[in-house]
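In: Predicted model and sequence below, questions to follow.
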Number of protein chains: 6
Amino acid sequence: MAEDDETGVAAEAELKKGFETLEVVQPDPSVPVHYIYLNRPAQRNALTPAFFTELPRALALLDRLPSARAIVLAARGPHFCAGIDLSTLAATSAPRSADRAAASELLRRRILALQATISAVERCRKPVVAAIHGACIGGGLDLVAACDIRCCDEGAFFAVKEVDLALAADLGSLQRLPSIVGYGNAADMALTGRGVPAAEAKAMGLVTRVFPSRAAMEEGVAALARGLAEKSTVAMMGTKAVMLRSRDLTVDQGLEYVATWNSAMLMSRDLEEAVRAQLEKRKPNFSRL
Amino acid sequence: MAEDDETGVAAEAELKKGFETLEVVQPDPSVPVHYIYLNRPAQRNALTPAFFTELPRALALLDRLPSARAIVLAARGPHFCAGIDLSTLAATSAPRSADRAAASELLRRRILALQATISAVERCRKPVVAAIHGACIGGGLDLVAACDIRCCDEGAFFAVKEVDLALAADLGSLQRLPSIVGYGNAADMALTGRGVPAAEAKAMGLVTRVFPSRAAMEEGVAALARGLAEKSTVAMMGTKAVMLRSRDLTVDQGLEYVATWNSAMLMSRDLEEAVRAQLEKRKPNFSRL
Amino acid sequence: MAEDDETGVAAEAELKKGFETLEVVQPDPSVPVHYIYLNRPAQRNALTPAFFTELPRALALLDRLPSARAIVLAARGPHFCAGIDLSTLAATSAPRSADRAAASELLRRRILALQATISAVERCRKPVVAAIHGACIGGGLDLVAACDIRCCDEGAFFAVKEVDLALAADLGSLQRLPSIVGYGNAADMALTGRGVPAAEAKAMGLVTRVFPSRAAMEEGVAALARGLAEKSTVAMMGTKAVMLRSRDLTVDQGLEYVATWNSAMLMSRDLEEAVRAQLEKRKPNFSRL
Amino acid sequence: MAEDDETGVAAEAELKKGFETLEVVQPDPSVPVHYIYLNRPAQRNALTPAFFTELPRALALLDRLPSARAIVLAARGPHFCAGIDLSTLAATSAPRSADRAAASELLRRRILALQATISAVERCRKPVVAAIHGACIGGGLDLVAACDIRCCDEGAFFAVKEVDLALAADLGSLQRLPSIVGYGNAADMALTGRGVPAAEAKAMGLVTRVFPSRAAMEEGVAALARGLAEKSTVAMMGTKAVMLRSRDLTVDQGLEYVATWNSAMLMSRDLEEAVRAQLEKRKPNFSRL
Amino acid sequence: MAEDDETGVAAEAELKKGFETLEVVQPDPSVPVHYIYLNRPAQRNALTPAFFTELPRALALLDRLPSARAIVLAARGPHFCAGIDLSTLAATSAPRSADRAAASELLRRRILALQATISAVERCRKPVVAAIHGACIGGGLDLVAACDIRCCDEGAFFAVKEVDLALAADLGSLQRLPSIVGYGNAADMALTGRGVPAAEAKAMGLVTRVFPSRAAMEEGVAALARGLAEKSTVAMMGTKAVMLRSRDLTVDQGLEYVATWNSAMLMSRDLEEAVRAQLEKRKPNFSRL
Amino acid sequence: MAEDDETGVAAEAELKKGFETLEVVQPDPSVPVHYIYLNRPAQRNALTPAFFTELPRALALLDRLPSARAIVLAARGPHFCAGIDLSTLAATSAPRSADRAAASELLRRRILALQATISAVERCRKPVVAAIHGACIGGGLDLVAACDIRCCDEGAFFAVKEVDLALAADLGSLQRLPSIVGYGNAADMALTGRGVPAAEAKAMGLVTRVFPSRAAMEEGVAALARGLAEKSTVAMMGTKAVMLRSRDLTVDQGLEYVATWNSAMLMSRDLEEAVRAQLEKRKPNFSRL
């Protein structure tokens, strides 16, 4: 239970050591927003075993950091992410075991472990904004599908690339895309593997904001994340958690869940402050959690 | 079981007494469409405890009224609804009990009671069309998200305002919006609290019709509601009920459910009349239920 | 278990005998794509009892045919489908039994049998592309809602016609449309029965591609289907099956399901070939299943 | 929201007026246990329309009464309950409407209304103990299946009688019995309608306590209810609510739900008192909610 | 839709042709009960491919036969069923395909086909009573777990044998046993593969009746089946169908389902007759469906 | 992904270092069964923060150890487990934060973390047998409810103690007990907190085996575990995983899941060996995974 009384000092120290496949930075110390950059630009940020270990760790550390009230997931280099690294895929999908059942069992565990990395974005209590440019395909699409808000520049494009590798996508796109873009759009993308450009991605709800250039996107996302960071952390975490949970419940169960949630979380200082601020027509000043 | 043999006389009498926060009218006695107006324009129709009691009552009465075959939910004044009244919120969210658990339990029941008001729109067997202009935010958005069809004029805008009050929306938006606008759009709205203008609302499916002016909307909605009122009540009630129920079932369960439903409801006079009318190429004349 | 070692010879022979309401053809022997045409143009392809028997049979045969790696569902004549045949509907919905319960029970079984025909599109392991022109209403919409990809030309329009026959649609639209076009759009269509033109159908995700003319659509769909047929069958079948199954599971259950699926299906020759082909920058050559 | 600040005065007054089919008493003013007796012994407590209105009202009043911390449901006369009154059934199941669909729709609403009476036992926040003697059949079994704890004397017997009235039980036994007695025992009872004596009822988990005589049962149930009434109300209500809710969730969802519940309800004075009492090895003294 | 107006003549004719692995008889023409006997006594009724084809066919025929109002599933020879035939298992589980994915896909379809045979017992609308003696293991246990009522003699014993064949049982025991005997008993049986004797099977709910000898069981089961056959078919079919459907729904969904079901099936002649017979204190005379 | 190619050497080394609250031993090096003992006998094995950290670690290590094919969970001293340590509970349930929402959020995370420890028993792929003597109450009952097989001696007794601490049990009993002992027995235990002796525990399915003495239990459990360890690991892991997963699926979904599972896991050497051994009437010799 050491994580409980965390002031974030240890987390900050660990973050400072850096990562092999990621760069984690807080661009402006006065703004509680942290950036995670996919950082293997030469390989178009293809996802390697190291990435699958590092991303959940980075998110867990930021989750504990009071100075991180919103997180941006972006990428270095000309492309957001080219998907899973081909040699990683080849290695993962060919367990050495001679026994078929043993090989299958090992393979199944490997896939579940990779999925856990992607789902770590959802487990992180704080909002995660994806800022996408260039190619966002295969595992890259699986990754952003788990983010809370997706933005891109006009040159971005998206594809469920797995089908061209002769496999069914297994890192989450087949599960998350249908509720984001509708079942029909998701099936079209998943079966054809075709590239979806930014404008179409916006029209189908895959991204909610398209910016005219990469620079504009960086500015826009920074403003968006700053806005999220200014809001009450209680409200941010509650909204994210309740939405994710309700996704898998009936509407009635979801209503009952949020009633229970708010019975615990509603009587906060932040709510009092928000109401007071609205009545006094000023900006509220929320506590850091 | 008194409600069974209801001819609607008692309901009509009770409706005549009027409401504090609502106005309920049937504009044209020859057209079986009733309007419920949010009617506290000076307060931008902010939702008070009286509203939460009156709306379900009004809907229950109209549900029994043979002269109400379709219902329009609209608003007086410049805005549809500014959300929950701030002082109501403050009072609701701060139970006086000194014991934390007792306070939580009371708060939970209060939220469940407020939710029941919103869900009363779905419990009403007849189709409810929301006609929205101006601001439709917070509790107002929760309310229209439970309606069957949403229309607006070009000046309307929508926002999940709760996040700015430092709380997770608990009146249904987090549960109902994702299936209406997609998970991505819903998360963007819920986390940022940003205002969504009419055109974007249409593009994401939040409204299905945008009219160029408030007057045009009123006319358009009147025509739409009249059209619904002309259809077979059996078909209207069945379609609404089956869709709502299927929302929480697997596709196979939903198919099996509608088969069972129609095994009870299909051999109606309305169906015979509809088939006959189609063959005779004339308008059908459906029975009032 | 005779179907196991099927080389498709028997299936091919049976297909050659032809159908009363369908035409099944493979336009180009060198391209493993088969077309199923609704083929009662004079009756605007209204759905009769024969159709409900023949479609599942045709799909089951193509499912076993190695030369069918993708299927196109299209229609002869000026309209895709005018919905269920009126006299079929009248006969189906009026069982002769004098006992109310017996009549209901029989009616329920009849509806379940009709639904099974529509769901046969989903049970078919291979991707089914709907190519739609003209009217696609009532049962026709139920049918295409079960297809994997929907394309249309500019003149196509779509309607949930059942409501005008005084009944709740019971062949799947009320269950499948909400996840395709969003709950709000689906409710609007189902309650009003209004015709949705091609452009709006595209905007709401009902179709994913609109072509400027019927000829253009035919060409476009042929190219699309050829593309699907060139992909790995293992990947096609896995993607379709996993998406359909995940639709009815929570996200976590869906992830766990695809991990189990791929533990069985991943170590294929197709995957090896796909990786090799990517590294060698050539087109892969997948095995026929 | 008047019910919130209820001290129970109004509820007590209404209870004093009495009921037609029930007797509600608090045998010992110093013990916060209330009894609801089915009170039409001459008719073997057959369930009439009045009963279906009165039971939910009685439960709602006791729910608000601080002096009711546990509720016993028992019966006057030689039998607990002979099931739904035959003339009520005949009247309910034969709506006068000539239109088949209208009749079905009315019938469906009537059944839903009857079910709501039974489910009111679960909606009551306080534990309800059924004390059963003699026949407990049909609607009587539906009723006790919704109670939290079931006790009986040795002469009691249980039967799903509906099957002998040529109908499928529709007041909850088919839904609740399988999780109480196992699917096999439930199916046997439901299909055969056979009488299950007390000892077998205990063996299959339908009752948890069998007493050698009616007097012994009365004493035993009184002691059991007193024990429940001495416990923390927070714990009682939480345990009942969480179990009922978890019944319809996956285990993981149920765990997450109780964690959220307890995050609201755990920091109570009762918990502090309970821990202190355990350490001081004395009986705790819980607050009344 | 030929099955609709079935008088059972064709079914009877087909039944007369007989089966390779089954014997289907109606012992007493005046009693509408049919028996299906597993009929390969020399092989202890081990399940072969022929059985998996014949059982669903036999059930489908009896389903249509008015003279079959209850079905008994029993076995010839000293044992009920020794499970799946070993050579069938070996052949099934080793597809010849050299490609791993192709082999898996084929294997998966084979298992689904075998499961469909077992589930045919549930798809049959009429009650199926299992009469078990001797060994009932592996596939035999899967089979009886799908029956509605299970009886045995004192010498019977039950085992999930699959675990000793180095595989997870895949014909339904792992899915159906937990709700019949509780999760703990099911896990114990499934993991240890131990034999459960009749008395323990009764105690855990696996069977509901144990008879002192095989002859006594035959007599007892005949009486039980006759009793089922005397009841209203509407009630039998409704009870079976509603229980099976409710097993996979929440309690609230199940209640709503049975209300819809009964709105279609309640106004039957059988109900009128049942009520009249009860009032006249005579045996009801139900119509044959 | 280091865990993949684990030979268990590192795990064994870490196990050797020992635990503060547990003792982990392999009594007989020739038998691949490991024991985890709760090892704070003086405190009646009350559960402390250290336990909640150590148990999942111990299980994860044994999960990787080829020499652990079955696991026994037992306890040192006169009692199995007295539940959560009172001071741990007091500390856990009173977060220091002054803000109510922050305190709730922290508390919720703490409970989720404690639950994860209990659920680690289910996450462990190998069968876990609980060997219980003396008191098994509160958290102790939560713990054994997650085990696969539960055995006890005659002196054992079980209680949901949480209700006497004025809280709803939140470590899994309310979720897992109903499917083990039936909803009625679970509610009785949870609401009354009464002690259930060994014989009643057996009758309701809470334990599957009761031994006349602690020594007899130790012997019996050793034999049981040895039996499990001799079986095919593929079958053990598959059976456990499929049962746990199917618990949260509909029967049809569960069937489809196990078909997919076995399509991956069936073509094992163990199956070939099992079939061969059966035909040769000898003990099979399974591979270690």
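Out: Noted; the coordinates are in hand.
In: And the helices in chain A?
Out: With DSSP state H as the criterion, chain A has helices at A:9-16, A:49-64, A:86-92, A:100-123, A:139-145, A:173-181, A:183-192, A:198-203, A:214-230, A:233-246, A:251-265, A:269-279.
In: does chain C sit close to stretch A:179-191?
Out: Yes: using CB under 8 Å from any CB of the partner chain, stretch A:179-191 reaches chain C at A:179, A:181-188, A:190-191. Where C-beta positions appear, they are placed from N, C-alpha and C, glycine not excepted.
In: mean pLDDT for the helices of chain A: which is lowest?
Out: Among these, helix A:86-92 carries the lowest mean pLDDT, a mean of 85.
In: elements contacting that one?
Out: With contacts taken as 3 or more CB pairs under 8 Å, 6 or more residues apart in numbering or on different chains; DSSP states H and E, helix A:86-92 sits against helix A:100-123, helix C:269-279.
In: Off-centre distance for it?
Out: Centre-to-centre, helix A:86-92 and its host chain are 23 Å apart (CA atoms, centre = their mean, to the nearest Å).
In: likewise stretch A:218-237?
Out: 14 Å.
In: Return the alpha-carbon coordinates of it using CSV.
Out: Extracted as CSV, the C-alpha positions of stretch A:218-237 are listed here (Å, rounded to 0.1, in the frame of the first residue of the first chain):
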residue,chain,number,x,y,z
GLU,A,218,0.7,20.9,-31.1
GLU,A,219,-0.7,24.3,-30.0
GLY,A,220,-4.3,23.1,-30.0
VAL,A,221,-3.5,20.0,-28.0
ALA,A,222,-1.5,22.0,-25.5
ALA,A,223,-4.4,24.3,-25.0
LEU,A,224,-6.8,21.4,-24.7
ALA,A,225,-4.6,19.6,-22.2
ARG,A,226,-4.1,22.8,-20.2
GLY,A,227,-7.9,23.1,-20.0
LEU,A,228,-8.3,19.6,-18.7
ALA,A,229,-5.5,20.2,-16.2
GLU,A,230,-7.4,23.2,-14.8
LYS,A,231,-10.5,21.3,-14.1
SER,A,232,-11.2,19.5,-10.8
THR,A,233,-9.2,16.2,-10.7
VAL,A,234,-12.1,14.6,-8.8
ALA,A,235,-14.4,15.4,-11.8
MET,A,236,-11.8,14.3,-14.4
MET,A,237,-11.1,11.0,-12.7
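In: That stretch and chain D, are they touching?
Out: No: Stretch A:218-237 lies apart from chain D when judged by CB under 8 Å from any CB; the minimum separation is 12.4 Å.
In: Stretch A:114-127 too?
Out: No: Stretch A:114-127 does not reach chain D (CB under 8 Å from any CB); its nearest approach is 12.2 Å.
In: Does that stretch reach chain C?
Out: Yes: using CB under 8 Å from any CB, stretch A:114-127 reaches chain C at A:115, A:119.
In: Buried residues in that stretch, which are they?
Out: Residues of stretch A:114-127 classed as buried: A:114-115, A:117-122, A:124-127 (neighbour count, 16 or more other CB atoms under 10 Å in any protein chain shown).
In: about what we covered before: most tightly packed of the helices of chain A?
Out: Neighbour counts (mean count of other CB atoms under 10 Å in any protein chain shown) averaged over each of the helices of chain A peak at helix A:139-145, with a mean of 29.
In: That one: how far from the chain's middle?
Out: For helix A:139-145, the distance to the chain centre is 8 Å (CA atoms, centre = their mean).
In: Who are the packing partners of it?
Out: helix A:100-123, strand A:128-132, helix A:173-181.
In: helices and strands around the first one, which ones?
Out: Helix A:100-123 is packed against helix A:49-64, helix A:86-92, helix A:139-145, helix C:251-265, helix F:233-246, helix F:251-265, helix F:269-279, with contacts defined by 3+ CB pairs under 8 Å, 6+ apart.
In: re earlier: got the helices of chain A as JSON lines, with distance to C:I71 columns?
Out: As requested, those are exported to JSON lines (distance: least, CB to CB, whole Å):
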{"stretch": "helix A:9-16", "distance to C:I71": "52"}
{"stretch": "helix A:49-64", "distance to C:I71": "37"}
{"stretch": "helix A:86-92", "distance to C:I71": "30"}
{"stretch": "helix A:100-123", "distance to C:I71": "30"}
{"stretch": "helix A:139-145", "distance to C:I71": "27"}
{"stretch": "helix A:173-181", "distance to C:I71": "21"}
{"stretch": "helix A:183-192", "distance to C:I71": "12"}
{"stretch": "helix A:198-203", "distance to C:I71": "25"}
{"stretch": "helix A:214-230", "distance to C:I71": "41"}
{"stretch": "helix A:233-246", "distance to C:I71": "37"}
{"stretch": "helix A:251-265", "distance to C:I71": "36"}
{"stretch": "helix A:269-279", "distance to C:I71": "56"}
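In: Return the residues in contact with the closest residue to chain F within the stretch 51-200 of chain A.
Out: The nearest approach of the stretch 51-200 of chain A to chain F comes at A:A101, 3.3 Å away (CB to the nearest CB). The neighbours of A:A101, taking CB atoms under 8 Å, 6 or more residues apart in numbering or on different chains as the test, are F:234, F:264-271.
In: gap between it and chain B?
Out: The gap separating A:A101 from chain B is 30 Å, by CB to the nearest CB, to the nearest Å.
In: ok, of the residues of stretch A:179-191 next to chain C, which one's closest to F:C147?
Out: A:S179 (36.0 Å; CB to CB).
In: ok, now which ones touch the nearest residue to that closest one once chain neighbours are set aside?
Out: In space, and not counting its chain neighbours, A:S179 is closest to B:Y183: 4.4 Å by CB to CB, 6 or more residues apart in numbering or on different chains. By CB under 8 Å, 6+ apart, the residues touching B:Y183 are A:176, A:179-180, A:243, A:247.
In: near chain F, which residues of the stretch 101-250 of chain A?
Out: Going by CB under 8 Å from any CB, the residues of the stretch 101-250 of chain A near chain F are A:101-102, A:104-106, A:108-110, A:113, A:234, A:237.
In: Out of the buried residues of stretch A:114-127, the closest to D:A229 would be?
Out: A:R125 (40.1 Å).
In: hey, C-alpha coordinates of stretch A:163-172 in PDB?
Out: The C-alpha atoms that make up stretch A:163-172 are tabulated as PDB, following Å, rounded to 0.1, in the frame of the first residue of the first chain:
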ATOM      1  CA  VAL A 163      -5.300  -7.900 -41.700                       C
ATOM      2  CA  ASP A 164      -2.400  -7.500 -44.100                       C
ATOM      3  CA  LEU A 165      -0.200  -9.500 -41.800                       C
ATOM      4  CA  ALA A 166      -2.700 -12.300 -42.100                       C
ATOM      5  CA  LEU A 167      -4.000 -12.000 -38.600                       C
ATOM      6  CA  ALA A 168      -7.000 -10.700 -36.600                       C
ATOM      7  CA  ALA A 169      -6.000  -7.500 -34.700                       C
ATOM      8  CA  ASP A 170      -5.600  -8.600 -31.100                       C
ATOM      9  CA  LEU A 171      -4.600  -5.400 -29.300                       C
ATOM     10  CA  GLY A 172      -8.000  -3.900 -28.900                       C
END
